[in-house]
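In: show me the folded form of this:
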Amino acid sequence: MKEANKDPEPTPVERPTDEFADPLSVEDAADLTGRIIDNIEHVIVGQHDVAEHILTTILARGHLLLEDVPGVGKTMLARSLARSIDCSFKRVQFTPDLLPSDVTGVNIYNQKTNEFDFQPGPIFGNVVLADEINRAPPKTQSALLEAMEEEQVTIDGKTHDVPNPFTVIATQNAIEQDRTYELPVAEIDRFMKKLSLGYPNPKDESEVLRRVVGEHPIRRLDPIASASDIRRARATITKVTVREPVREYVTRLANYTRDRSQLGVSPRGSISLLRAAQARAVLNGREYVIPDDVKAEAEVVLAHRIRGSSGVMGGEEGRKMVQNALDNVPVE
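Out: Sure thing, here's the model as predicted:
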C-alpha cells in the first residue's frame, strides 16, 4: 500500500453528517475561517487569497486542484491546512505503478475467522492529499471519482462511507507533460476549484528563506479547529440565503460558456459556484449571497471546466471565457 502517512485508520462505521451538526453563527464561522487562515500564513507567505479559496472550498464541501511548477509550495499549503485542523490527514504519492486498491483499500482474507476483512486505504481521511495526481494513469485516478462525488467507496460490492469532513486536495505538475497523464474531464469537473500559486515576489521569498532557516515552521503549527468545528461551519454555509436573482445570474453565466465553447460549465459547476459563493458570504460576515460573492469565486470555480476552440481544458482560454461572461452577463 503506497501511503506515506503511517497512522492507522479504523474501518469507518458511522459518518456524522453536516445536516445534524449544530450550526455556528455567521460571526463565529467567519472568525473560525479567519483563525485558520492566520494559522496557515505562519507557514505560507504571500498567498492570502489562495488561503481564503482553500478554506471556502472545504466549507462548501468541495475539492481542490493545485496546478503549478514544482517547488512553489503546493504540498506545503495542503499540509499547513491539515495541521490547522485536528482531523485525519492522508497522503498518496501518485506514481505510474500505483493501483486503484492502493488508494481505496482491499479486502484481505482472515484465516482465523474465515472471513474477508476490509483494510481501508488512504482515501479514508478527512483531508486527503493526492500528490502529483497526473503521474498516475487514468484507471488509478478514477479511484477517487466515487469518493469525491458521493463521499463513499465501493469495494467488492460493499459500500463504505468516507469520513466527514472529507476533502481531496490534489497537486498537479504543469511542466513535464510528456511524463504525465491528462486528467479525465469527469475528474476535473469534480474539483470545485483549480488554483495556481505562482512564484513569490522578492520580498515574500526573502521572508520564506528567513522562516525556514533552522526548524521548518510547519513543525510548530498546532491545530486551532476540530473536525466538529468544520462540520458546524459547513452547516452554517448551507443556511446562507441565496435569492432567485442570484441563482438566475449563476445560470446565465453557465449558459454563456456553453453557447461559446466546445464544452461549457456543467450543472455541477453551477452548483459548485453557488456553494462557493455561500462560503464567501460567510467569510465576509453575511447571511446572504450577493452577486459580488459569485464574481469573486467565478474564475477559480468555472475556468477549468471549459474547453475552448483549442481543445484544451481550462487554461488562459477558459479564464478569458469566464471574464467575458462576467463582463457581458448582466446582474438582474
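
In: now do Arg232 against Arg286, distance only.
Out: Distance of Arg232 to Arg286, computed by CB to CB, to the nearest Å: 18 Å. Every residue, glycine included, has its C-beta placed from N, CA and C.

In: with Gln172 instead?
Out: Separation of Gln172 from Arg286 (CB to CB): 33 Å.

In: neighbour count: these two, which is higher?
Out: More crowded of Gln172 and Arg286, by other CB atoms under 10 Å: Gln172, with 21 against 16.

In: what helix or strand is the nearest residue to the more buried one once chain neighbours are set aside on?
Out: Once its chain neighbours are removed from consideration, Gln172 has its nearest residue in Glu67; the separation is 4.3 Å (CB to CB, 6 or more residues apart in numbering). Taking DSSP states H and E as the definition, one finds Glu67 inside strand 64-68.

In: partners of that strand in the sheet?
Out: When pairs are called by DSSP bridges, strand 64-68 turns out to pair with strand 167-173 (parallel), strand 193-195 (parallel).

In: where does pLDDT dip in this protein?
Out: Along the chain, segments meeting pLDDT under 70 span 1-20, 177.

In: how about the strands in it?
Out: Under the criterion DSSP state E, strands of the chain are mapped to 64-68, 85-86, 89-93, 105-110, 115-120, 127-131, 152-155, 158-161, 167-173, 193-195, 225-226.

In: show me the domain layout of this protein.
Out: 18-233, 240-328 (automatic domain parsing).

In: kindly check the end-to-end length of the last one for me.
Out: End-to-end distance of domain 240-328 (CA to CA, to the nearest Å): 27 Å.

In: how far does it sit from the chain's center?
Out: From the chain centre to the centre of domain 240-328 is a distance of 16 Å (CA atoms, centre = their mean, to the nearest Å).

In: and the contacts of the strand holding Glu67?
Out: Taking CB atoms under 8 Å, 6 or more residues apart in numbering as the criterion, the residues outside strand 64-68 that touch it are 53-54, 57, 74, 77-78, 133, 167-172, 174, 188, 191-198, 304.

In: out of those residues, which end up buried?
Out: Those of the contacts of strand 64-68 that meet the buried threshold are 53-54, 57, 74, 77-78, 133, 167-172, 188, 191-195, 197, 304, by 16 or more other CB atoms under 10 Å.

In: straight-line length of stretch 214-234, end to end?
Out: Where stretch 214-234 starts and where it finishes are 37 Å apart, if you go by CA to CA.

In: show me which residues of that stretch are buried.
Out: For stretch 214-234, the neighbour count (16+ other CB under 10 Å) marks Pro217, Leu221, Ala225, Ala227, Asp229, Ile230, Arg231, Arg232, Ala233, Arg234 as buried.

In: can you tell me what sits against that stretch?
Out: Contacts of stretch 214-234 with the rest of the structure, by CB under 8 Å, 6+ apart, involve 16-18, 21-24, 29, 32-33, 35-36, 39, 42-43, 58-61, 76, 79-80, 83-87, 126, 163-165, 211, 282.

In: can you check stretch 285-292 too?
Out: Contacts to stretch 285-292, defined as CB under 8 Å, 6+ apart, come from residues 26-27, 30, 239-243, 246, 249, 274, 277-278, 280-281, 331.

In: which residue of the protein lies farthest from its centroid?
Out: Relative to the centre of the chain, and counting by CA atoms, centre = their mean, the farthest-placed residue is Lys112 at 40.7 Å.

In: phi, psi of that one?
Out: Per-residue torsions, Lys112: phi -70, psi -40 (degrees, to the nearest 10).

In: report how many residues lie close to the closest residue to Pro122 other than its chain neighbours.
Out: Taking CB to CB, 6+ apart as the measure, Pro122 lies nearest to Lys90, with 3.8 Å between them; neighbours along the chain are not counted. Under the neighbour criterion other CB under 10 Å, Lys90 is assigned a count of 24.

In: which residues does Lys90 bridge with?
Out: In this structure, Lys90 has beta-bridge partners Val128, where bridges are defined by DSSP bridges.

In: hmm, it is touching Pro120, no?
Out: No: the pair formed by Lys90 and Pro120 falls short of the contact definition of CB atoms under 8 Å, at 9.6 Å.

In: returning to what we had before: the residue nearest to Gln172: neighbour count?
Out: 20.

In: how far away is it from Lys203?
Out: Applying CB to CB, the value for Glu67 to Lys203 is 25 Å.

In: kindly report the same for Leu326.
Out: Distance, Leu326 to Lys203, by CB to CB: 31 Å.

In: these two - which one has more neighbours?
Out: Comparing Leu326 with Lys203 by neighbour count (other CB under 10 Å), the higher total belongs to Leu326, at 17 against 10.

In: ok, the more buried one - contacts?
Out: Leu253, Lys295, Ala298.

In: hmm, back to that, and the residue farthest from the centre of the chain, how far from Asp97?
Out: For Lys112, the distance to Asp97 under the criterion CB to CB works out to 32 Å.
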